[in-house]
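**Q** pasting the sequence and the predicted model now:
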Amino acid sequence: MSEREEWSEMRAEALTHPEAQEAYEATRIRFELGREVRERREALGMTQAQLAQAAGLQQPAIARFEAGGTMPTLPLLERLAAALGLRLQVGFEPLDRAS
């Protein structure tokens, strides 16, 4: 058995616990939000420092956010969206359609 298979099995076992599922979901959300911001920033040719200035933040805050290190508030997401030339849209989708 490879390390990958062992890890997959360990992860699957861990995610059978509700607390682990909640933590995993919170981490997934932070990671996806950070990735979306980074991809948009890069598409615009902005540096983290430029985004930080446009959003009224410090560059380390952008770096932490893009790495999935913080769970942002809605006002922070609105500031980042505006700095990236976007409109924040929040919604819900059925779990069977979620990725």
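**A** Good, I have the coordinates. Everything numeric here is computed off the predicted structure, so don't read it as measured data. Residues are numbered from 1 along each chain as shown.

**Q** from now on I want contacts and neighbour counts done on CA atoms only, so please keep to that.
**A** Fine.

**Q** any stretches of this structure with poor pLDDT?
**A** Regions of the chain meeting the criterion pLDDT under 70 cover residues 1-4, 98-99.

**Q** can you show me the helices along it?
**A** Using DSSP state H, the helices of the chain run over 3-14, 18-43, 48-55, 59-66, 74-83.

**Q** of all those, which one is nearest Leu95?
**A** Comparison of these against Leu95 by C-alpha to C-alpha identifies helix 18-43 as nearest, at 12.3 Å.

**Q** which other helices and strands contact the closest one?
**A** helix 59-66 (3 or more C-alpha pairs under 8 Å, 6 or more residues apart in numbering; DSSP states H and E).

**Q** please point out which parts of the helix it packs on sit buried.
**A** 59, 62-63, 65-66 (16 or more other C-alpha atoms under 10 Å).

**Q** one step back: tabulate the helices of the chain (JSON lines), appending distance to Gln89.
**A** JSON lines is the format used below for the helices of the chain (distance: least, C-alpha to C-alpha, whole Å):
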{"stretch": "helix 3-14", "distance to Gln89": "32"}
{"stretch": "helix 18-43", "distance to Gln89": "12"}
{"stretch": "helix 48-55", "distance to Gln89": "17"}
{"stretch": "helix 59-66", "distance to Gln89": "18"}
{"stretch": "helix 74-83", "distance to Gln89": "9"}
